[in-house]
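> What follows is a predicted structure for the sequence shown.
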Amino acid sequence: MKIVIIGGTGMIGSKLVTKLGEHGHEAVPAAPNTGVDTLTGKGLSEVLDGASVVIDVSNSPSFEDAAVLEFFETSTRNLLAAEAAAGVRHHVALSVVGTARRPDIGYFRAKLAQEKLIEESSTGFSIVHATQFFEFARRIADDATDGSTVRMPPVAFRPIAGDEVARTVGRVAVGSPLNGSIEIAGPEQSRMDEFFRNALTAWGDPREVVTDPHARYFGAELNERDLVPGDGATFGEITYADWLKDTAGE
């Protein structure tokens, strides 16, 4: 089966290309550095020729509110139109847990707009909502740093390993369209401030994690369950401690 991965040279995309290829599929990475640009439509008709499934794990180069909305709306419209012309039967998108709960957050609002376009299209679809990835924990800590302190809210947090995200997305892609969505998260839930306090200790990082109910995430204060899934979610098996051990040499 030919499966085109939009954003296929990125962190999750490259994992998908490898995993799907190992299962005998023709997994084709598509990104600006492979000659495919969803914002302009360049290369889309060529790369989608003969494709049965498209997986979109692309991301905006800018997280500024207007820019990220423009990215997801424009790229998704172009992609869906090209898929319809090529006869693609299944569109799979990776999104974020909590988009519907917090449309006031610019990035979440942009992902929600993307989801709406997919749901209203003529192509069968599946949307996978994931919690934050372990791979981005250091970036989140850096963004929350104020001098020598890291300000984190005491809200529920359940991050997941990128490998498990890719595995789930790949499994969904080779099945029938859900014409709906699923949620995935890591095996362990803690408070966000506690997670980062433990993580910085494990990293040997001297910064102090300060619990701050007003600390912002993507520019907004968080409610208790904004970042964790609801009932019926699928949970991974890789803990953050085990993931750190496995990636220590990378």
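Nice, thanks for sending it over.

> Same question for the host helix or strand of A66: list its buried residues.
Using DSSP states H and E, A66 sits within helix 65-86. Buried residues in helix 65-86, counting neighbours by 16 or more other Cβ atoms under 10 Å, are found at 68-72, 75-76, 78-80, 82-83, 86. To be clear about C-beta, it is placed using only N, CA and C from the backbone, and glycine gets the same treatment.

> Now do that helix: everything it contacts.
With contact meaning Cβ atoms under 8 Å, 6 or more residues apart in numbering, helix 65-86 is reached by 6, 38-41, 44-45, 48-51, 54, 56, 58, 60-62, 91, 106-107, 109-111, 113-114, 117-118, 121-123.

> how does it look with 7 Å?
Helix 65-86 has contacts (Cβ atoms under 7 Å, 6 or more residues apart in numbering) with 6, 38-39, 41, 44-45, 48-49, 51, 54, 56, 58, 60, 62, 91, 106-107, 109-111, 113-114, 117-118, 121-123.

> Quick one, which of the residues you listed are buried?
Applying 16+ other Cβ under 10 Å to the contacts of helix 65-86, the neighbour count classes 6, 38, 41, 44, 48, 51, 54, 56, 58, 60, 91, 106-107, 109-111, 113-114, 117-118, 121, 123 as buried.

> Please flag which of those sit within strands.
I6, V54, D56, H91 (DSSP state E).

> wait, isn't the last one in contact with V54?
Yep, that's H91 we're talking about. Yes - contact criterion Cβ atoms under 7 Å: H91 and V54 qualify, at 5.3 Å.

> Between the buried residues of helix 65-86, which sits nearest E224?
E224 has its nearest neighbour among the buried residues of helix 65-86 in V68, at 25.1 Å by Cβ to Cβ.

> Could you measure from that closest one over to A110?
Relative to A110, V68 is positioned 4 Å away (Cβ to Cβ, to the nearest Å).

> ok, now R151?
Distance check for R151 against A110: by Cβ to Cβ, it reads 25 Å.

> now I55
Separation of I55 from A110 (Cβ to Cβ): 19 Å.

> for P61, same thing?
13 Å.

> again with G50
31 Å.

> for this structure, what are the low-confidence residue spans?
249-250 (pLDDT under 70).

> rerun at 90
By pLDDT under 90, the low-scoring segments of the chain are 63, 218-219, 247-250.

> what are the ranges of the strands in the chain?
For the chain, the strands defined by DSSP E occupy 2-6, 26-30, 53-56, 90-96, 124-130, 145-146, 149-152, 156-157, 180-185, 190-191, 208-211, 216-217, 220-221, 234-235.

> among these, which is the most enclosed?
Among these, ranked by average contacts under mean count of other Cβ atoms under 10 Å, first place goes to strand 53-56 (a mean of 28).

> Does anything pack onto that strand? Which helices or strands?
When contacts are defined as 3 or more Cβ pairs under 7 Å, 6 or more residues apart in numbering; DSSP states H and E, strand 53-56 sits against strand 2-6, helix 65-86, strand 90-96, helix 162-173.

> distance between the second one and the chain's centre?
In this view, helix 65-86 has its centroid 16 Å away from the chain centroid, taken as Cα atoms, centre = their mean, to the nearest Å.

> likewise stretch 186-199?
19 Å.

> And that stretch, what's buried?
Within stretch 186-199, judged by 16+ other Cβ under 10 Å, the buried ones are G186, E188, S190, R191, M192, D193, F195, F196, R197, A199.
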